[in-house]
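1. Structural data only, the sequence is not supplied:
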């Protein structure tokens, strides 16, 4: 099996748990609480900035010019999408610039963003690739599933269309091609670290959506400062 086939099979139960989270199921049937979706959008905007930085570092570590170009453009796209959230979903759902700026990263978002950036700086290119893959692949698969199940006049259809769209799906396919090519040249120790990095990020994907549904914050800590 290729690396991508093996890592997907090894983490299939985790993906299914992510797909079956109340946030994603209620997003598909249009019943998701508006406050939970707004919580998610704000945190996603914070996250995308960190993800863009990690992609930029990945670009600098890439082994060939095509991958350098791909991940450099991907870093730019992440920042563009982050800005579109401000001008699109945030305005549509009544989230002001002040609301966004005054909302800190949640525990889940901070953990995920910090993990990706720490991995990007400290690990080898193959491991960095593996840590970044779940955000591409799991989002694409969840997006396709939700798109297929989405009810007519779903208030969240614009978000669903973004991640189920052909452009994003093509980007995911390209990342999979890159990582399988890289993994084919790696030794056993590096492959083990790649598997561990993928699983950690996949767990954090689950945590991010679960945190959004529960609208979790740093409860009580504001009273200590």
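-> Arrived safely, thanks for sending. Quick caveat, the model's predicted, so the values are computed rather than measured. Numbers count the residues shown, from 1 in each chain.
2. I'd like the distance between residue 179 and residue 215.
-> According to Cβ to Cβ, to the nearest Å, residue 179 and residue 215 sit 34 Å apart. Placement of C-beta: from N, CA and C, glycine included.
3. what does residue 42 give?
-> Note on residue 42: its distance to residue 215, by Cβ to Cβ, is 11 Å.
4. The two - which one has more neighbours?
-> Comparing residue 42 with residue 215 by other Cβ atoms under 10 Å, the one with more neighbours is residue 42, at 26 against 13.
5. for residue 29, what are its contacts?
-> Going by Cβ atoms under 8 Å, 6 or more residues apart in numbering, residue 29 touches 149-151, 154.
6. I meant residue 1, not that one.
-> Under the criterion of Cβ under 8 Å, 6+ apart, the neighbours of residue 1 are residue 9.
7. Next, the buried residues of the host helix or strand of residue 84.
-> Per DSSP states H and E: residue 84 is located in helix 65-87. By neighbour count on 16 or more other Cβ atoms under 10 Å, the buried set for helix 65-87 is 67, 70-72, 74-75, 77-79, 81-82, 85-86.
8. okay, these in a markdown table with pLDDT and distance to residue 1 next?
-> What follows is those, written out as a markdown table (pLDDT from 0 to 100; distance: Cβ to Cβ, whole Å):
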| residue | pLDDT | distance to residue 1 |
| --- | --- | --- |
| 67 | 96 | 22 |
| 70 | 96 | 24 |
| 71 | 97 | 25 |
| 72 | 97 | 30 |
| 74 | 95 | 26 |
| 75 | 95 | 30 |
| 77 | 90 | 30 |
| 78 | 88 | 29 |
| 79 | 88 | 34 |
| 81 | 79 | 32 |
| 82 | 72 | 35 |
| 85 | 71 | 36 |
| 86 | 69 | 41 |
